[in-house]
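[1] Provide a 3D model corresponding to the input given below.
(one chain, ligands or ions: 2)
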Amino acid sequence: MTDDRINLTIDGREVSAPKGATLLDAAEQAGVDIPVICYHEATSPNGLCRICVVDVDDGRVLQPACVAECQADAKVETRNERVERSRRTILEMLNASVNLDQAPEIQQMMAEYEANQARFPGARLREAEVIDDNPFYVRDYEQCVLCWRCVQVCAEDAQFTFALTLKNRGHETSVATAFDIGITDSPCVFCGQCVGVCPTGALKPKVEWGMEQGWDEDELRRSTRRRGKRSGGNADGA
Ligand code: SF4
Ligand code: FES
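    Ligands and ions are numbered 1, 2, ... in the order given. Prediction:
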């Protein structure tokens with residue numbers, strides 16, 4: 001091992017990773033797939049969802065691979081019974097609180113980890129009105145898994161616009177504009193990067209959403225026509 005590289009094993013495969021590499025990076029290098037939800041290559045990892053947990057040296061707690069750095073001579077297991085049980089529980093809790101109907105990757109994980117959709121029958125799904133307040137995209141926070149990717153790309157990870165933040169706490173936590181003002185009154189420049197990184201149907205291009213609503217061509221054109229940022233952007237310029 002040179003000073004700037006670390007040797008470890010991942011699922012029995014020997015890996016030499018650069019110092020500072022995360023377990024997720026090293027696993028990718030070794031051809032080992034680890035599921036992610038909050039992680040996105042365009043955003044800073046923040047270890048929020050915990051779906052990427054792995055077992056390092058049979059440690060007391062599992063470690064989130066997207067933020068945990070490689071340690072010399074570590075033996076990492078990415079898919080033992082403990083890891084699977086943990087991922088399954090995370091998926092079951094997510095499913096009990098968020099509408100995941102339009103999150104195909106998470107649904108695929110649920111099938112793969114045999115998550116029980118009825119594990120928490122008394123749980124309450126988050127409820128929110130669809131926000132349709134501009135010509136470019138709609139926001140349906142009932143489908144939001146609070147991965148934070150949209151907030152991050154809107155801030156230091158890409159756009160430096162800072163239009164989004166979080167409001168409320170616990171079950172009521174939601175992405176919102178600062179002081180919950182309308183998006184057209186916020187600093188949003190409608191770059192669309194938030195829509196691009198959203199892993200669920202929470203953020204959707206207006207055209208796609210309108211087609212799902214059965215809008216005809218005229219309605220689509222009217223509703224998505226670009227108007228002055230502060231016009232409110234609705235079909236009638238309201
Ligand atoms: S709106 Fe989408 S990208 Fe933003 S936090 Fe929710 S799920 Fe993540
Ligand atoms: S993907 Fe690692 S904590 Fe979410």
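
[2] Parallel or antiparallel, which strands does the strand or helix carrying Leu8 pair with?
    According to DSSP states H and E, Leu8 maps onto strand 5-10. Applying DSSP bridges, strand 5-10 is found paired with strand 13-18 (antiparallel), strand 75-77 (parallel).

[3] And that strand, what's buried?
    Buried residues in strand 5-10, counted by 16 or more other C-beta atoms under 10 Å: 6, 8, 10. For every residue, glycine as well, the C-beta is placed using N, CA and C.

[4] Then stretch 82-102?
    By 16+ other C-beta under 10 Å, the buried positions in stretch 82-102 come out as 83, 86-92, 94-96, 98-100, 102.

[5] Likewise for stretch 12-20?
    Neighbour counts over stretch 12-20 (16+ other C-beta under 10 Å) mark 15, 17 as buried.

[6] Same question for stretch 49-67.
    By neighbour count on 16+ other C-beta under 10 Å, the buried set for stretch 49-67 is 49-56, 62-67.

[7] Now tell me what touches that stretch from outside.
    For stretch 49-67, contacts defined as C-beta atoms under 8 Å, 6 or more residues apart in numbering pick out 22-24, 27, 34-39, 45-47, 68, 71, 74-78, 80, 82-83, 86-87, 90-91, 94, 109, 145, 147.

[8] Just the ones of the residues you listed in helices?
    Applying DSSP state H to the contacts of stretch 49-67, the entries found in helices are 23-24, 27, 82-83, 86-87, 90-91, 94, 109.

[9] Turn the residues you listed into CSV, including distance to ligand 1.
    Below are the ones in helices among the contacts of stretch 49-67 laid out as CSV (distance: C-beta to the nearest ligand atom, whole Å):
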residue, distance to ligand 1
Leu23, 22
Leu24, 18
Ala27, 23
Arg82, 27
Val83, 23
Ser86, 21
Arg87, 18
Ile90, 15
Leu91, 15
Leu94, 11
Met109, 15
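
[10] Export these as TSV, with columns for pLDDT.
    Below are the ones in helices among the contacts of stretch 49-67 laid out as TSV (pLDDT from 0 to 100):
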residue	pLDDT
Leu23	98
Leu24	98
Ala27	98
Arg82	98
Val83	98
Ser86	98
Arg87	98
Ile90	98
Leu91	98
Leu94	97
Met109	98
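
[11] Closest one of those to Gly214?
    Closest approach to Gly214 among those (C-beta to C-beta): Leu94, at 29.6 Å.

[12] what sits against the residue lying closest to the closest one once chain neighbours are set aside?
    Closest residue to Leu94 apart from its sequence neighbours, by C-beta to C-beta, 6 or more residues apart in numbering: Val145 at 6.1 Å. By C-beta under 8 Å, 6+ apart, the contact set of Val145 is 37-38, 49, 94, 98, 100, 103, 106, 199-200, 202.
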